[in-house]
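>>> Take a look and give me a structure for this.
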Amino acid sequence: MPEGDTVFRTAERLRLVLAGKTLTRSDFRVPRYATADLVGERVDEVGSYGKHLFIRTGRVSIHTHLKMEGEWRVFPCGQRWTKPRVTARLVLATDEVEAVGFALGKVQLLARAEEHTVIDHLGPDLLGPNWDAAEALRRLERYPARAIGLALLDQRNLAGIGNIYRSEICFLRRVHPETPVADIPDLPALVEESHRVLGKAAHQPPWRPMVYGRTRRPCPRCGTAIASQLLGEDDPADRITQRERGIYFCPRCQPAPA
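Just a heads-up that it's a prediction; the model follows:
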């Protein structure tokens, strides 16, 4: 699943080609908004919050979420798309370009005043201008017995971390992902590590994982073979998500909690 850094860079890319431009065509390929027409609307700005992306005009906010496979691509008008047309869920065109959202997990058209309703429940945005480390810490501490690997993935605590970065952050702090929040030696430092890692990934790509996806390969610190296992909530109805939640760690640098 694309994480906060990917969404942040996507917003930057769309901002360059859409902000200040007037829409000459809009094509919502989702039943709920099939008749929506934004022709003539001027795009004021494009922004992100965690894994959520917003394209704002004077009247509305177009909210999209990439979920597992979503992606935005930009094409000069008239150029052939490089992904199957059947997967396009939203097209926004100006005189110069077509911005196409493929396989988007969520598409919503909101009044500007209602935009907050889709992010009010989220924790502080790790890549936002108003990042609040104290609030993120407070939210993590509400559930002291929860495994830190699950707590980092919960967008209600910190917005933007996905499966890749929770493994990387725990590795950098030498913390096993199953360690309860209350047993983290320096939780404020882990929160700041999260902010640093996401910031570096967003502003200085590409990010090269040290442990994620490197099962049985040597740890970059001690040479021990990297291990992986599933870590998720105990919910039988969540089996598909469980498969996507493999964590990676060094058994030596990150010993399991007692």
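
>>> Quick one: distance of stretch 205-225 to the chain centre.
Put simply, stretch 205-225 sits 21 Å off its chain's centre (C-alpha atoms, centre = their mean, to the nearest Å).

>>> Would you mind listing the buried residues in that stretch?
Neighbour-count burial for stretch 205-225, with 16 or more other C-beta atoms under 10 Å as criterion, is recorded at 207, 210, 211, 212, 214, 219. The way it works is simple: take the backbone N, C-alpha and C, and place the C-beta from them, glycine included.

>>> these two touch, right, the third one and residue 226?
What it means is residue 211. Yes: the criterion here is C-beta atoms under 8 Å, and residue 211 meets it with residue 226 at 5.2 Å.

>>> Spit out the residues that contact those two alike.
The contact sets of residue 211 and residue 226 overlap at 219, 248, 249, 250 (C-beta atoms under 8 Å, 6 or more residues apart in numbering).

>>> Quick one: buried ones out of these?
Neighbour counting by 16+ other C-beta under 10 Å classes 219, 248, 249, 250 among those as buried.

>>> which residue ranges form the helices in this protein?
All helices of the chain, identified by DSSP state H, fall at 4-18, 133-141, 148-153, 163-172, 187-203, 239-243.

>>> picking up where we left off before, so which pair among the shared contacts of residue 211 and residue 226 is furthest apart in space?
219 and 248 (10.2 Å; C-beta to C-beta).

>>> that older thread, inside strands: which ones of the shared contacts of residue 211 and residue 226?
248, 249 (DSSP state E).

>>> Domain-wise, how is this protein divided?
Annotated domains of the chain cover 4-118, 133-249 [automatic domain parsing].

>>> thinking again about what came up before, Serialize the buried residues of stretch 205-225 to CSV and add fields for distance to residue 173 and pLDDT.
CSV is the format used below for those (distance: C-beta to C-beta, whole Å; pLDDT from 0 to 100):
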residue, distance to residue 173, pLDDT
207, 17, 83
210, 12, 96
211, 12, 97
212, 15, 96
214, 18, 95
219, 14, 98
